[in-house]
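J.: Okay, structure incoming, though there's no sequence with it:
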């Protein structure tokens, strides 16, 4: 199972929480709060994967947290926001 790094950005107490994947450009999710954003992340990843497959492509392999920290385009976001690992494929209830 792969794990994609997600960056979670909270805008404030009365605003939605956004979540995005540095390895998956354009794959975003969110929610009314932190927990809801995390809960919605696997669905966003699944929809993103479906779109790639429909285009004849596959999900790129996820980079490790250390690899992302070395990427100057992502390093500041990793330092300034909450980071979560999202399993792919997602675990099912039976697992």
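T.: Structure received. Predicted, not measured: the structure shown is a model, and the values here were computed from it.
J.: so what strands line up beside the biggest strand by length in the chain?
T.: Selection of the longest strand in the chain by residue count, based on DSSP state E, yields strand 2-10. Next to strand 2-10 in the sheet, as set by DSSP bridges, lie strand 17-20 (antiparallel), strand 82-88 (antiparallel).
J.: Residue 42: which of these is closest?
T.: strand 82-88 (6.1 Å; C-beta to C-beta). Every C-beta, even on glycine, is put in place using the N, C-alpha and C of the backbone.
J.: Other residues contacting that closest one?
T.: Outside strand 82-88, the residues that touch it by C-beta atoms under 8 Å, 6 or more residues apart in numbering are 1-10, 19, 21, 34, 38, 41-42, 45, 49, 59, 62, 65.
J.: Give me the mean pLDDT for it.
T.: For strand 82-88, mean pLDDT is 93.
J.: How about stretch 21-38?
T.: pLDDT averaged over stretch 21-38 gives 94.
J.: just stretch 1-9 next, same as before
T.: Across stretch 1-9, pLDDT averages out at 93.
J.: can you pull out the helices in the protein?
T.: Assigned by DSSP state H, the helices in the chain fall at 34-54, 65-69, 75-80.
J.: So which bits of the second one are buried?
T.: When you say that, I think you mean helix 65-69. Going by neighbour count (16 or more other C-beta atoms under 10 Å), the buried part of helix 65-69 is residue 68.
J.: I'd like to know which elements that helix is packed against.
T.: helix 75-80 (3 or more C-beta pairs under 8 Å, 6 or more residues apart in numbering; DSSP states H and E).
J.: who touches the helix it packs on?
T.: Helix 75-80 is contacted from outside by 5, 7, 22, 65, 68, 69, using C-beta under 8 Å, 6+ apart.
J.: swap in stretch 28-44?
T.: Stretch 28-44 has contacts (C-beta under 8 Å, 6+ apart) with 6, 8, 10, 16-21, 27, 82, 84, 86-88, 90.
J.: Distance from that stretch to the middle of the chain?
T.: Distance of stretch 28-44 from its chain centroid, counting by C-alpha atoms, centre = their mean, to the nearest Å, is 9 Å.
J.: So which of the helices of the chain is the most surrounded?
T.: Highest mean neighbour count among the helices of the chain (mean count of other C-beta atoms under 10 Å): helix 34-54, with a mean of 15.
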